[in-house]
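Engineer: predicted model and sequence below, questions to follow.
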Amino acid sequence: MSHPSKVSLHGPLAVWREQLTAEFLRLGYAPSTVARQLQLLAHLSRWMSERGLAPAELSWAEIAVFCSDHGVSHVRRFAPPPVMVLMSVMRPDCVPSKTTAPDDSLPPECEEVLASFAGYLRGERALAATTTALYLYQLRRFAKWFVLRVGLDLATMTIAAVDQFYLDQTGIRSTSSARSSTIALRAFSRWLFLSGRSAVNLSTAIATVKDASQNDLPKALPAVEVATLLAVRMSVRDRAIVLLLVRLGLRANEVARLRMDDINWRAGTMLVRGKGDDSQLMPVPTEVGAAMAAYLSEHRRVGSPYREVFLGTYTPNRPLSRSAVTGVISYLARRAGIAGRVGAHRLRHSAATAVLAGGGTLAEAGQLLRHRSAQSTMIYARTDQVSLAQLARPWPVATAQENVHE
């Protein structure tokens, strides 16, 4: 079936047919693809008729049952794409965000507290949206556990409850995940105390999870492997992404957030939106600018409603997310035969070490990475073997032997 008009849609969803077709077309789906999406919704409409469900009664729990009955795969653990579009048109207030799955919903009392905490993180702490989302993701896991075992009032949590939570999570979570969780819980406990919701500040009692990986050297790729990665056959879009990471040391989220309006072609600069809403102008090297221009002029979807520079290759060609940018690098690294995990941040490390290998200073590496503090750049001092060798003193045993021979 190649045209939406040929799809037979009856039952409770029939009245939404025109709006759904228009929305699919607006998102950039081809008519043949729209027809396939409507076919699935026709099955859903018949299923609703059999159960006597009205559109207003369609919940995520019911959708999960439908997907299970029909063997339909889920997207982001929510629902297949046509069902997500249906809910966005029919009941936009029920569409979950990317960071909250429908089955992660909490009681209204908890949702209100977490929403206030999120406002504090964005407003007073000026944390980036991704950091705020990570805090909330970790807190939701704790809140779900707390509601089931203690109660609805998160302000009544005790250090004993926190300890029991981590005991229950033993063997389930990785060290880095547990460490992120303790950071989020300490911030949340401090906020409960400062906002007057709790009489006790538990933040000082929540122990830090030791992560040995924090003491490792930055996992930069050697120059040979960087050259191997750049030599892999890739799309024009992916080459522009790789060069932004390798030459300018951008973070994955900064690449994903880069917008058309951020590039000043005449001046040869672009605005990089970093952590904590810190935006800085950076010069665009010729190699990077040429790759971006080739992508924008010849390969980016024409007439896209999105202002983000990098879009997905499949309909409806939405902007790439931070994880999608990292996924591009991981895929290319596997094709290049590079061992180990390779993500966008390893290319950022590679950009910094390349500055030092080329005779640059730590201050210059920090400027490239846009570090606010020189302390953040000091980790790269351990990778500058040439400079460290100049600081090394002779081995005492060798000196003693020389004295004996004299």
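Structural biologist: Now that the structure is in, tell me what you want to look at. Numbers count the residues shown, from 1 in each chain.
Engineer: what about this structure, any weak spots by pLDDT?
Structural biologist: Low-confidence segments of the chain (pLDDT under 70): 1-2, 68-80, 93-105, 171-173, 210-218, 276-277, 379-406.
Engineer: quick one: the strands in it, in order.
Structural biologist: Here the chain has its strands, by DSSP state E, at 263-264, 269-273, 279-283.
Engineer: for residue 174, which of those strands is the nearest?
Structural biologist: Nearest to residue 174 among those is strand 269-273 (29.1 Å), distances taken as CB to CB. All C-beta atoms are positioned from the backbone trio N, CA, C, and that covers glycine.
Engineer: now the closest one against strand 279-283, angle please.
Structural biologist: With axes from the mean of the first three to the mean of the last three CA atoms, to 10 degrees applied, the angle from strand 269-273 to strand 279-283 works out at 150 degrees.
Engineer: quick one on the thing from earlier: okay, the strands of the chain, which one's buried deepest?
Structural biologist: Ranked by mean neighbour count under mean count of other CB atoms under 10 Å, those are led by strand 269-273, which reaches a mean of 18.
Engineer: so how far is that one off the chain centroid?
Structural biologist: Mean-position distance between strand 269-273 and its chain equals 19 Å (CA atoms, centre = their mean, to the nearest Å).
Engineer: stretch 299-313 now?
Structural biologist: Distance of stretch 299-313 from its chain centroid, counting by CA atoms, centre = their mean, is 19 Å.
Engineer: do stretch 176-195 as well
Structural biologist: 20 Å.
Engineer: may I have that stretch exported as CSV, CA atoms only?
Structural biologist: C-alpha atoms of stretch 176-195 as CSV (Å, rounded to 0.1, in the frame of the first residue of the first chain):
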residue,chain,number,x,y,z
SER,A,176,30.4,5.0,37.9
SER,A,177,26.5,4.8,38.2
ALA,A,178,26.7,4.5,42.0
ARG,A,179,29.1,7.5,42.1
SER,A,180,26.7,9.6,40.0
SER,A,181,23.9,8.6,42.2
THR,A,182,25.7,9.7,45.4
ILE,A,183,26.5,13.1,43.8
ALA,A,184,22.8,13.6,42.9
LEU,A,185,21.6,12.5,46.4
ARG,A,186,24.1,14.8,48.1
ALA,A,187,22.9,17.8,46.0
PHE,A,188,19.3,16.8,46.7
SER,A,189,19.8,16.4,50.5
ARG,A,190,21.5,19.8,50.6
TRP,A,191,18.7,21.4,48.7
LEU,A,192,16.1,19.8,51.0
PHE,A,193,17.9,21.4,54.0
LEU,A,194,18.4,24.8,52.3
SER,A,195,14.8,25.0,51.2
